[in-house]
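Trainee: need coordinates for the following:
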Amino acid sequence: MGAAQVIASVIGLTVTAVAIVLVVRTVRRMISIIRLGQPDPTRTSNAGGRTRNMLVETLGHTRMLKWTVVGTAHWFVFVAFGALLFTLAEAFGEIFSPSFRLPIIGTWDVYGVVMELIAALCGVGILVLFGIRLINRPGRAKGRSRFAGSTIWQAYYVEATVFGIIVCVFLIRGFKVAAGDFPFPTWAAPISHGLGSAFGGMSTSSAQTAITLTALAKIVISFAWFIVIALNITMGVAWHRFLAFFNIFFKRSGGKASALGALRPMLSNGAPLDFEQADPEKDQFGVGAVEQFAWKGLLDFTTCTECGRCQSQCPAWNTGKPLSPKLLILSLRDHAYAKAPYLLAGGGLDPAGTEKASEAQLAHVNVLAMAESQRPLIGGEDVNGVIDPDVLWSCTTCGACVEQCPVDIEHVDHIVDMRRYQVMIESNFPSEAGVMLRNLESKGNPWGAPPATREDWTKGLDFEVPRVSDGGEFEYLFWVGCAGAFEDRAKKTTRAVATLLHEAGVSFGILGNGETCTGDPARRIGNEFVFQMLAAQNVETLNSAGVKKIVASCPHCFNTLGNEYGALGGSFEVVHHTQLLADLVKSGKLTPVTPVDGGITYHDPCYLGRHNRVFAPPREVLGSIAPVQEMPRNSERSFCCGAGGARMWMEEKIGKRINIERVEEAVATGAKTIAVGCPFCSTMIGDGVTSKKSTGEAREEVEVVDVATVLLRSIRPEPKPEPTPEPVG
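Mentor: This is a model prediction of the structure:
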């Protein structure tokens, strides 16, 4: 070896050794912090299925490719991150001997062309990602950028590292061509040969020295990256390259997509909380401190890539509210890692609020960790909490964040867990929601309407609506829901659904006054106790009635009955009314006759579409009547109406109203009819249209109606009013 090789080998091996030691130390610390979280035994079931899903999501980039350009560029970088490890292995040999080649494959033309192609596509991919980040930088996007709040330098550093490695790969190959020691033909490595031609004036010894120095640069760039991320344990934009595999593997199952559909059950010590046996001195009610999150929550926080996809889709963020799902996760991450020395020393409070650690245990904990240990998770007017109350209560639980997250972070579950503690332990939540909760407990519905009036919507129908209590056989139980029974606009939908089922000859019955709220608003606001009380009552009623199949007109009821009651002993086949109506239209039992004038656009309810993947049936019903004019944000990227997460009963005081944002999009399609499939959406979109009409921003003929009403009008056209005769004389 020459002097250059000796120096390069010493530097390269030293940097590598330091990087390995630091990374191992950091990984051990990371694991110890994640293990501070609470147990969750549901995360390891079906290992084979989890492995298959993880491989499909990572290798296939199924979630990343929802954004085609970004996803494609990222896939090339992802593949290169693994494949170019071969070139890194070559670099270690090249710092000792410039002519080093990998055994067996080192002279194989297939290897040469594959590495050339992967390196080239990775280089293009990283430049695309770099360009996207520059175009969408926060200053240019006036604060609404998805990168707002992300640690910008870290992302640029990671991208520059990847690009630097690619440059080194091609330089080494070019210098080998110049030295006459490159085994691959021009067709297999055209870029490398092109660079070699540019270096054609170099002597063999100079080219060999250049190979050694460039190989050293490649090693230093690669392992300096490891040193940097080892010293920045919360550098999610880098660590996600390793953690994403685990986060995806351990993601929650049971929902229709990732952590959508059913909420994560309320656990205490790894088991579902039984309120009848609960002990406030021992059991955990929601999350009041960061260590009370399940270990998967701490893994979520650590894995966040800071890409901001969740932020870009969040209805709260897009309407000027303080909630950003990304920034919420980052705040919890930073707090968890800052507080970790205190927790690892044995610190923490038991359910009674007593410090568990001794003074001796806490004596060596740093000042920052002790300060973080005193911060409440949720702040207040004069309290510097980790999460601001306005952030916590702005969430509509629409699931857009979960839908878009490329590493399967479960934002909604974490938000509801914190709400549970605030509601059930602190009694600290928006005052207007208190009325709703009291109504649920005393009247069995959020409006506080007299329970005995649940059947009033049936009055005036030209057929008898069967009651389950009357006996007799029925195929479907028609779950009317609270809105469908008490809210004037929703009652029209209820009557339309019942009429269509009767028209199609579907055998159905209702519970009538025996029905009560499913508990969805209580659960989403965080009052698990009220939810379980209502759910247990409904499960008992449904099981006693022998119900097997349910049709629901409210997506929130549909989701709760179908996805959440199973854990409480109620297993039913639940369909949304648009699914059943679509089947009836397909089978010819319902035949639309009259087209709709003025065009139709359709608003996807979050709990029907994103949470339960029901996108096609409502469109099939509407499409049988008239073409659907889609809004720019539709299907899985549909924009929320603003009512979910119990926001229906909370005043929207910050920023632009979410329903107004959505109505502007609907009105811009030019459609006269805005079709919905949810009573909450009907109220919110309807109020928004009324507001726009009052300012002249929407035509007077624009109306908001349910899909069922649109279908009924086509089957039974409403008679046009007779023209008023001209006065004689």
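
Trainee: tell me how far the residue nearest the centre of the chain lies from Met684.
Mentor: Note on the chain: the residue nearest the mean C-alpha position is Val402, at 0.6 Å, using CA atoms, centre = their mean. Going from Val402 to Met684 by CB to CB, to the nearest Å gives 21 Å. Bear in mind the C-beta positions are built from the backbone N, C-alpha and C, glycine included.

Trainee: correct me, but the residue nearest to the centre of the chain touches Gly261?
Mentor: No - Val402 is not in contact with Gly261 according to CB atoms under 8 Å; the separation is 10.0 Å.

Trainee: helix, strand or coil for Gly509?
Mentor: strand (DSSP: H, G, I helix; E, B strand; the rest coil).

Trainee: need the pLDDT of it.
Mentor: Note for Gly509: predicted pLDDT of 94.

Trainee: which residues touch it?
Mentor: Neighbour list for Gly509: Pro466, Arg467, Val468, Asp470, Gly472, Phe474, Tyr476, Leu477, Phe478 [criterion: CB atoms under 8 Å, 6 or more residues apart in numbering].

Trainee: how many neighbours does the nearest residue to the second one once chain neighbours are set aside have?
Mentor: Pointing back at Arg467 there. Nearest non-adjacent residue to Arg467, counting by CB to CB, 6 or more residues apart in numbering: Gly512, 5.1 Å away. Using other CB atoms under 10 Å, the number of residues around Gly512 comes to 18.

Trainee: list the contacts of Gly512.
Mentor: By CB under 8 Å, 6+ apart, Gly512 lies in contact with Arg454, Glu455, Arg467, Val468, Ser469.

Trainee: the fourth one and Lys492: what is the separation?
Mentor: Spelled out, it's Val468. Distance from Val468 to Lys492, by CB to CB: 23 Å.

Trainee: look at these two and report which has more neighbours.
Mentor: Val468 (22 against 19).

Trainee: give me the pLDDT for that one.
Mentor: On the pLDDT scale, Val468 gets 90.

Trainee: contacts only, for it.
Mentor: Contact partners of Val468, counting by CB under 8 Å, 6+ apart, are Phe474, Leu477, Gly509, Ile510, Leu511, Gly512, Gly514, Ala545, Val547.

Trainee: beta partners of the nearest residue to it once chain neighbours are set aside?
Mentor: Once flanking residues are discounted, Val468 sits nearest to Gly509: 4.5 Å by CB to CB, 6+ apart. For Gly509, the beta-bridge partners under DSSP bridges are Leu477.

Trainee: how much space separates Gly509 from Leu711?
Mentor: With CB to CB as the criterion, Gly509 and Leu711 are 22 Å apart.

Trainee: likewise Phe639?
Mentor: Phe639 sits 24 Å away from Leu711, going by CB to CB.

Trainee: what of Tyr337?
Mentor: According to CB to CB, Tyr337 and Leu711 sit 54 Å apart.

Trainee: returning to what we had before: neighbour count for Phe639 and Leu711, which is higher?
Mentor: Shown here are Phe639 and Leu711; by other CB under 10 Å, Leu711 has more neighbours (29 against 25).

Trainee: which residues does the helix or strand containing the more buried one contact?
Mentor: If you go by DSSP states H and E, Leu711 is part of helix 707-715. Applying CB under 8 Å, 6+ apart, the external contacts of helix 707-715 come out as 492-493, 496-497, 499-500, 503, 553, 577-578, 581, 585, 590-596, 600, 602, 618, 621-622, 625, 673, 675-677.

Trainee: dump that helix to PDB, restricted to CA.
Mentor: Below are the C-alpha coordinates for helix 707-715, written out as PDB (Å, rounded to 0.1, in the frame of the first residue of the first chain):
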ATOM      1  CA  VAL A 707     -78.100  10.400  -1.700                       C
ATOM      2  CA  ALA A 708     -81.300   8.700  -0.700                       C
ATOM      3  CA  THR A 709     -83.300  11.800  -1.300                       C
ATOM      4  CA  VAL A 710     -81.800  12.200  -4.800                       C
ATOM      5  CA  LEU A 711     -82.700   8.600  -5.600                       C
ATOM      6  CA  LEU A 712     -86.200   8.900  -4.300                       C
ATOM      7  CA  ARG A 713     -86.800  12.100  -6.300                       C
ATOM      8  CA  SER A 714     -85.700  10.200  -9.400                       C
ATOM      9  CA  ILE A 715     -88.000   7.300  -8.700                       C
END
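
Trainee: per-residue confidence at the residue nearest to the centre of the chain?
Mentor: pLDDT, Val402: 94.

Trainee: show me what contacts it?
Mentor: Taking CB under 8 Å, 6+ apart, one finds Ala257, Ser258, Ala259, Leu260, Cys310, Asp408, Ile409, Glu410, His411, Val412 in contact with Val402.

Trainee: hmm, 7 Å instead?
Mentor: Counting by CB atoms under 7 Å, 6 or more residues apart in numbering, Val402 touches Ser258, Ala259, Leu260, Glu410, His411, Val412.

Trainee: adding pLDDT, write those residues out as a markdown table.
Mentor: Formatted as a markdown table, the contacts of Val402 follow (pLDDT from 0 to 100):
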| residue | pLDDT |
| --- | --- |
| Ser258 | 71 |
| Ala259 | 82 |
| Leu260 | 91 |
| Glu410 | 96 |
| His411 | 96 |
| Val412 | 96 |
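
Trainee: please indicate which of the residues you listed are buried?
Mentor: By neighbour count, with 16 or more other CB atoms under 10 Å, these hold Ser258, Ala259, Leu260, Glu410, His411, Val412 as buried.

Trainee: next one: the last one from Leu328, what distance?
Mentor: Spelled out, it's Val412. With the distance defined as CB to CB, Val412 ends up 11 Å from Leu328.

Trainee: ok, now the third one?
Mentor: In this structure, Leu260 lies at 18 Å from Leu328, with CB to CB as the measure.

Trainee: likewise for the second one?
Mentor: Between Ala259 and Leu328 the distance, using CB to CB, works out to 15 Å.
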